[in-house]
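J.: Next one to model:
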Amino acid sequence: MSNDSSVDPDWAALLDLSAEERDSRMVEAYTGIAALSEEDRQQRLEQLIRTVYAMPDAALRTMTESRLRAWLRMDPGQAATVGRQFETALNGMPANIAMRRVTIVQSVSGNLALEDREKLRHIVPGVLGDEPLTFSGNRVDGTPGAAPAPVAAKPRPWWQFWRR
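T.: Here you go, the predicted structure:
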């Protein structure tokens, strides 16, 4: 595993950059990670997750939003490779990281445009988690979702068997 600074930037130092520069550095880092062997990529992503998820909530929120924007700017194939393996690595992390992941992604996804959220879902299915459906069967953001389960009618009392 190499120690190329474009693949292993000082993740905490990225917080001191402007959003545009942070996003650009993340694009470089994730593009470099995508080029690694699967084993090296997995190790880098696990190390990255431990580093970033140890940050305070505000910093983690900033890093998560930048990560999602970076994936949107990357080549879709590379973003899918990194994103899916990132999600796999996250699924193997301890419960405290999983719980933080859910709350942070929910708070950050609202800052993204609807078309960006749909593009992310296409690149990395499940990256934004499950959004709740409204009573009409659409997601809260208005996009189509699964139809709601039918509500069973309340049964009539047995003595009204003759009523329709």
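
J.: For this structure, which segments are assigned as strands?
T.: Taking DSSP state E, the chain contains no strands at all.

J.: tell me, what residue is most central in it?
T.: Geometric centre of the chain, nearest residue: V127, 3.1 Å, by CA atoms, centre = their mean.

J.: That one against A80, yeah?
T.: No: with contacts counted by CB atoms under 8 Å, V127 stays clear of A80, the gap being 10.2 Å. Every C-beta, even on glycine, is put in place using the N, C-alpha and C of the backbone.

J.: Disregarding residues adjacent in the polypeptide, which is nearest to the residue nearest to the centre of the chain?
T.: L120 (5.3 Å; CB to CB, 6 or more residues apart in numbering).

J.: Please apply the same query to A59.
T.: Counting by CB to CB, 6+ apart, the residue nearest A59 is L15, at 5.6 Å.

J.: That neighbour contacts R22, correct?
T.: Yes: between L15 and R22 there is a contact under CB under 8 Å: 7.4 Å.

J.: about what we covered before: how close does the residue nearest to the centre of the chain sit to E39?
T.: To E39, V127 is 23 Å away according to CB to CB, to the nearest Å.

J.: Could you do V105 as well?
T.: 26 Å.

J.: again, but for T81
T.: 14 Å.

J.: who has more neighbours, those two?
T.: T81 (21 against 9; other CB atoms under 10 Å).

J.: out of everything not next to it in sequence, what's closest to that one?
T.: T81's closest residue in space is A34 (CB to CB, 6+ apart), at 4.9 Å.
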